[in-house]
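S.K.: Just a sequence and a predicted model for now, questions to come.
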Amino acid sequence: MPGSEIILYVTGTLCIIGAVFTLIAAIGVLRLNDLYMRMHAASKAGTLGSCVILIAIAIFSGESEIVLRALAGVIFFLLTAPISAHLLARAAYTVGYQPCSLTTSDALSEAGKSLSSAKTDSH
């Protein structure tokens with residue numbers, strides 16, 4: 001059937017796109033400078049990669065039960081990954097884990113001032 005070939009190409013393309021985003025997340029976790037940047041890579045690119053692969057599974061299967069489970073997984077990823085990354089970053093900040101020198105602003109500080117002006121004020 002010609003329609004099934006199109007579905008194979010679409011799902012194959014989505015799987016490759018999802019794998020690329022997941023690879024980017026893994027490289028980001030390995031290569032970025034500090035905890036905050038690494039969590040950003042893992043939560044954003046990793047979530048996108050997982051969601052795209054789940055959508056590919058839903059399209060490929062065509063069964064309503066699997067489609068519903070895959071969409072529930074996508075919603076779960078989109079709701080939990082950014083929130084958990086935010087909570088982990090806030091906990092790390094609270095216990096005193098400092099961002100790397102490339103970070104230019106500190107949104108969690110009491111004054112909300114930039115790190116560069118805070119560094120020059122302390123000298």
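M.R.: Done, it's in. Numbering: from 1, shown residues only.
S.K.: In contact with the residue nearest the centre of the chain: list those residues for me.
M.R.: Geometric centre of the chain, nearest residue: residue 44, 1.7 Å, by Cα atoms, centre = their mean. By Cβ atoms under 8 Å, 6 or more residues apart in numbering, residue 44 lies in contact with 25, 82. Bear in mind the C-beta positions are built from the backbone N, C-alpha and C, glycine included.
S.K.: helix or strand right after the helix or strand harbouring it?
M.R.: Element membership of residue 44, judged by DSSP states H and E, is helix 35-61. Using DSSP H and E, the helix or strand that directly follows helix 35-61 along the chain is helix 64-94.
S.K.: Quick one: work out the angle between that following helix and helix 35-61.
M.R.: Our comparison of helix 64-94 with helix 35-61, counting by axes from the mean of the first three to the mean of the last three Cα atoms, to 10 degrees, yields an angle of 180 degrees.
S.K.: what helices or strands is helix 64-94 leaning on?
M.R.: helix 35-61 (3 or more Cβ pairs under 8 Å, 6 or more residues apart in numbering; DSSP states H and E).
S.K.: what comes up buried for the helix it packs on?
M.R.: For helix 35-61, the neighbour count (16 or more other Cβ atoms under 10 Å) marks 35-58, 60 as buried.
S.K.: can you check stretch 97-104 too?
M.R.: residue 99.
S.K.: Would you mind extracting the C-alpha trace of stretch 74-92 into PDB?
M.R.: Extracted as PDB, the C-alpha positions of stretch 74-92 are listed here (Å, rounded to 0.1, in the frame of the first residue of the first chain):
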ATOM      1  CA  VAL A  74       4.400  13.100  25.700                       C
ATOM      2  CA  ILE A  75       2.100  15.100  28.000                       C
ATOM      3  CA  PHE A  76       3.900  13.600  31.000                       C
ATOM      4  CA  PHE A  77       7.300  14.500  29.600                       C
ATOM      5  CA  LEU A  78       6.200  18.100  28.800                       C
ATOM      6  CA  LEU A  79       4.800  18.600  32.300                       C
ATOM      7  CA  THR A  80       7.400  16.900  34.400                       C
ATOM      8  CA  ALA A  81      10.800  17.400  32.800                       C
ATOM      9  CA  PRO A  82      10.900  21.300  32.900                       C
ATOM     10  CA  ILE A  83       9.400  21.400  36.400                       C
ATOM     11  CA  SER A  84      11.900  18.900  37.800                       C
ATOM     12  CA  ALA A  85      14.800  20.600  36.100                       C
ATOM     13  CA  HIS A  86      13.700  23.900  37.600                       C
ATOM     14  CA  LEU A  87      13.400  22.400  41.100                       C
ATOM     15  CA  LEU A  88      16.800  20.700  40.900                       C
ATOM     16  CA  ALA A  89      18.400  23.900  39.700                       C
ATOM     17  CA  ARG A  90      16.800  25.900  42.500                       C
ATOM     18  CA  ALA A  91      17.900  23.400  45.100                       C
ATOM     19  CA  ALA A  92      21.400  23.500  43.700                       C
END
